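Visitor: with the sequence up front, the predicted model follows.
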Amino acid sequence: MLTGKTIILGVSGSIAAYKSAEIIRRLKDLNANVRVIMTVNAAKFIGEITLQTLSQNPVYINMFHDSGSLEDSLPHITISDTADLFLVAPATANIIGKVASGIADDLLSTTLLSTGNKPILMAPAMNERMYKSHIYKHNEKKLQIAGVRFINPEYGKLACEEEGEGRLASVDSIIQHVVDVLIEGDLFDTYDLKGKRVLVTAGGTREYIDPVRFIGNPATGKMGFALAHTAQVRGANVTLISGKTLLAPPESVKYISVETADQMGKAVLDNFKHADILVMAAAVGDFKPKRTEKNKIKRKGMLKIDLEPTDDILEKLGKIKNSRITVGFAAETNNLIKNARTKLKKKNLDLIVVNDVTQPDAGFESETNIVKIIDKSNNVEELPKRTKEEVAHRIWDRIVDLINKNKGA
Ligand code: CTP
């Protein structure tokens, strides 16, 4: 299946390095030519001779001989030149961090930086706390935007005896990813939003009663930020408009921070002109105080506040959208499908993503979401519990289907 393909397997210093032997064997079974680069630390976990014997090729570790002269004339370049794909398995937090920062201080990191536009797959393996740390996630996102694809680790027993996420993906899954990229060209399909101008809203709005009090909602911005990041990974030009959030603005997107529903409405309207796609994941306040007191209201008995409705941003844009694709979210507590269908129609949406916010692990403040995607023909796609990034990818898949359908029409 992989006859004529050369795969550079980078092995970095994790206990899971022993699994690289099985990866090589499986790639050789598919007739691939496998060339191995190990880090010095990986060589402490598994023997060079083992990998050399299995791959039937010399194994590279150092850039330099002990004498200080180069091992080869320019090993990082000659090795890269022969590659159809780079696979780093296991990829430690260290090698991922180094490549994300452009550090090239050994043969593996130097070769990874000189791959040109050849596909790179990384299969991380590390302790769960490392895997979930902000620093690691930041590096992973940076590399994803640069085109590196990740084979997510599994949940299970880790070397440190803890249970958690961070165990190297199964060899089956790693081989399947390699085949998908080399045979199906899957990696390049993921640039399916290239050239699209995407507008995403996130977070919740605040409607001020006085300078220190507001009516708000528990939205954190995670779903909208996941949509912005995944769109960027798929090649889109992204503008993200968000209500106040604790999340750090993603790099290289146009980021607009707002507070109130009126401010969000104005920012969306201003940017909608230049957008091909709008996804409104923001929880926009439906009511605002008729007046905002200039000074802090003093505590004295009952307080009545008159509220008036805010503008429905999506409904307004639904009337002027032309060929743009618009997608709304519906946070519901009951009659999910019926309410969502009414909103889809009223706001002239192409898709609506509905979730039952009373369910655990769904909606506000959760890392995961459980949603249904409804289209104009009333088809309901039910997604099981997924991370917000996975839900975001599925929403973009559906949007890409619509773009392709519109092209064909
Ligand atoms: N939305 C909007 N402008 C508003 C309120 C909501 O554009 N003033 C958008 C949201 O971003 C979301 C969709 O409309 O994509 C549905 O929001 P939701 O709050 O579920 O629905 P509402 O239309 O506000 O209806 P209700 O709150 O009565 O259920």
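Guide: Sure, I can see it. From a predicted model like this one, the values you see are computed outputs, not experimental measurements.

Visitor: for the host helix or strand of Gln144, which outside residues touch it?
Guide: Secondary structure from DSSP states H and E places Gln144 in helix 134-145. Residues from elsewhere that reach helix 134-145, judged by Cβ atoms under 8 Å, 6 or more residues apart in numbering: 93, 96-97, 99-101, 122, 124, 126, 130, 150, 229, 232-233, 250-252. C-beta here means a position set from N, CA and C on the backbone, and glycine is covered the same way.

Visitor: put the buried members of those into a PyMOL selection.
Guide: The PyMOL command for the buried members of the contacts of helix 134-145 (criterion: 16 or more other Cβ atoms under 10 Å) is given here:
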select buried, resi 93+96+97+99+100+122+124+126+150+229+232+233+250
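
Visitor: burial count for Asn335?
Guide: Residues near Asn335, counting by other Cβ atoms under 10 Å, number 10.

Visitor: mind naming the longest helix for the chain?
Guide: helix 388-408 (DSSP state H).

Visitor: for the record, mean pLDDT for it?
Guide: The predicted model gives helix 388-408 an average pLDDT of 91.

Visitor: which other helices and strands does that helix contact?
Guide: helix 222-233, strand 277-280, strand 325-332, strand 351-356, strand 368-369, strand 371-375 (3 or more Cβ pairs under 8 Å, 6 or more residues apart in numbering; DSSP states H and E).

Visitor: element containing Leu264, please.
Guide: Actually, residue 264 is Met rather than Leu. Using DSSP H and E, Met264 falls in helix 261-272.

Visitor: same check on Met130?
Guide: helix 128-131.

Visitor: show residues contacting that helix.
Guide: With Cβ under 8 Å, 6+ apart, helix 128-131 has contacts from Ala93, Pro124, Tyr136, Pro153, Leu158, Glu162, Gly164, Glu165, Gly166.

Visitor: pLDDT weak spots in the chain?
Guide: 64-76, 186-190, 363, 409 (pLDDT under 70).

Visitor: quick one, what contacts the one residue sitting closest to the centre of it?
Guide: In the chain, the residue lying closest to the centroid (Cα atoms, centre = their mean) is Thr230, at 4.3 Å. Taking Cβ under 8 Å, 6+ apart, we find Thr230 in contact with Glu389, Ala392, His393, Trp396.

Visitor: so what does Ile215 look like in phi/psi?
Guide: Main-chain dihedrals, Ile215, degrees, to the nearest 10: phi -100, psi 120.

Visitor: chain neighbours aside, what residue packs nearest to it?
Guide: Leaving aside its chain neighbours, Ile215 sits nearest to Glu207 (4.6 Å; criterion: Cβ to Cβ, 6 or more residues apart in numbering).

Visitor: just give me the neighbour total for the one you found.
Guide: Glu207 has 22 neighbouring residues, counting by other Cβ under 10 Å.

Visitor: and the helix holding Met264, which residues are buried?
Guide: Ala261, Asp262, Gln263, Met264, Gly265, Lys266, Ala267, Val268, Asn271, Phe272.

Visitor: thought Ala219 was touching Gly204, still the case?
Guide: Yes - counting by Cβ atoms under 8 Å, Gly204 touches Ala219, with 3.4 Å between them.

Visitor: between those two, which is the more surrounded one?
Guide: Set side by side, Gly204 and Ala219 give different neighbour counts by other Cβ under 10 Å, the larger being at Ala219 (25 against 22).

Visitor: mind listing what Gly272 touches?
Guide: Just so we're on the same page, residue 272 is Phe rather than Gly. Contacts of Phe272 by Cβ under 8 Å, 6+ apart are Leu199, Leu278, Leu317, Arg324.

Visitor: try 7 Å
Guide: Residues in contact with Phe272, defined by Cβ atoms under 7 Å, 6 or more residues apart in numbering, are Leu199, Leu278, Leu317.

Visitor: excluding its backbone neighbours, what's nearest Gly224?
Guide: Nearest to Gly224 is Ala202, by Cβ to Cβ, 6+ apart, at 2.2 Å.

Visitor: next up, the contacts around that neighbour.
Guide: Gly221, Met223, Gly224, Phe225, Leu240, Ser242, Thr245, Ala281, Ala282.

Visitor: please repeat the previous calculation with a cut-off of 8 Å.
Guide: 219, 221-225, 227-228, 240-243, 245, 281-282.

Visitor: now do Gly166
Guide: Pro124, Ala125, Met126, Asn127, Glu128, Met130, Tyr131, Pro153, Leu158.

Visitor: what helix or strand is it on?
Guide: Per DSSP H and E: strand 163-167 holds Gly166.

Visitor: helix, strand or coil: sort out Val198 for me.
Guide: strand (DSSP: H, G, I helix; E, B strand; the rest coil).

Visitor: right, and it touches Ala236 too?
Guide: Yes - Val198 lies in contact with Ala236 (Cβ under 8 Å); the separation is 4.2 Å.

Visitor: picking that back up, got the CA coordinates for the strand holding Gly166 in PDB?
Guide: The C-alpha coordinates for strand 163-167 follow below in PDB (Å, rounded to 0.1, in the frame of the first residue of the first chain):
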ATOM      1  CA  GLU A 163      -4.700   7.200  34.900                       C
ATOM      2  CA  GLY A 164      -5.400  10.000  32.400                       C
ATOM      3  CA  GLU A 165      -5.100  11.400  28.900                       C
ATOM      4  CA  GLY A 166      -1.700  11.400  27.400                       C
ATOM      5  CA  ARG A 167      -0.900   7.800  26.500                       C
END
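
Visitor: next, the angle helix 134-145 makes with that strand.
Guide: Put simply, strand 163-167 runs at 30 degrees to helix 134-145, going by axes from the mean of the first three to the mean of the last three Cα atoms, to 10 degrees.
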